[in-house]
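Student: Starting from these lines, generate the structure:
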Amino acid sequence: MANSRRRVDSYRDRIITTYEYDGSAVRKLEELPEQHEEQQRRSKTNRSKAVVRRYSVSRGYVLFLAFVCIAVSALCIMYLRQKATITTQYETIAELESEYSQLRSNNDAKYNQVMDSVSIEDIKNAAENRLGMSYAGAGQIVYYDLTDGSYVRQYKDVPTE
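Tutor: The predicted model follows:
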């Protein structure tokens, strides 16, 4: 029979078995049960160490993730506070607009009431009779040209011609 060898590939943690062949029939060599159990135990511990190494996280990374979580939580809390403040302000604005509308309608109603209670004839009679006012005559009206602006200031009495 030809020689057969077994070797362990540490990178892949598996056993590579060579086959013995004699003629056209190929037979797998039988392993010793003790060796087989020890190899399984070693490969199992190697696999568990590899899993631990693969999924282990450094202390710095954990601190970084904790900092990021705290920062995101703080931002969410600040956002919710701002949203609550804005909502309160909108409610206050709505109340003030409602109050303004009510005051405006009350003001319009009072204005209409005053305008309806006084007539032009009553005002004319009061001015002529009680205050002694009269309409201006043709010679009492003086016209000015406005050259410097839209109004006239009177510093002296108006001259009579």
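
Student: what are the phi and psi values for the most centrally placed residue in the chain?
Tutor: Centroid-nearest residue in the chain, with CA atoms, centre = their mean: Tyr79, separated by 6.5 Å. Main-chain dihedrals, Tyr79, degrees, to the nearest 10: phi -60, psi -40.

Student: And it, how close does it get to Ile70?
Tutor: 15 Å (CB to CB, to the nearest Å). Every residue, glycine included, has its C-beta placed from N, CA and C.

Student: Also Glu99?
Tutor: 44 Å.

Student: and if you look at Ser43?
Tutor: For Ser43, the distance to Ile70 - CB to CB - is 42 Å.

Student: so what does whatever helix or strand Arg54 lives in touch, helix or strand wise?
Tutor: Assigned by DSSP states H and E, Arg54 falls within helix 33-55. For helix 33-55, the packing partners by 3 or more CB pairs under 8 Å, 6 or more residues apart in numbering; DSSP states H and E come out as strand 14-17.

Student: Count the neighbours of the nearest residue to Met133 once chain neighbours are set aside for me.
Tutor: Nearest in space to Met133, with sequence neighbours left out and distances taken as CB to CB, 6 or more residues apart in numbering, is Ala127 at 4.4 Å. By the criterion of other CB atoms under 10 Å, Ala127 has 12 neighbours.

Student: Check Ala109 too.
Tutor: Per other CB under 10 Å, the neighbour tally for Ala109 reads 10.

Student: Next, give phi and psi for it.
Tutor: Main-chain torsions, Ala109, degrees, to the nearest 10: phi -70, psi -40.

Student: How about the one 10 residues further on?
Tutor: Backbone geometry at Ser119, expressed as degrees, to the nearest 10, gives phi -110, psi 160.
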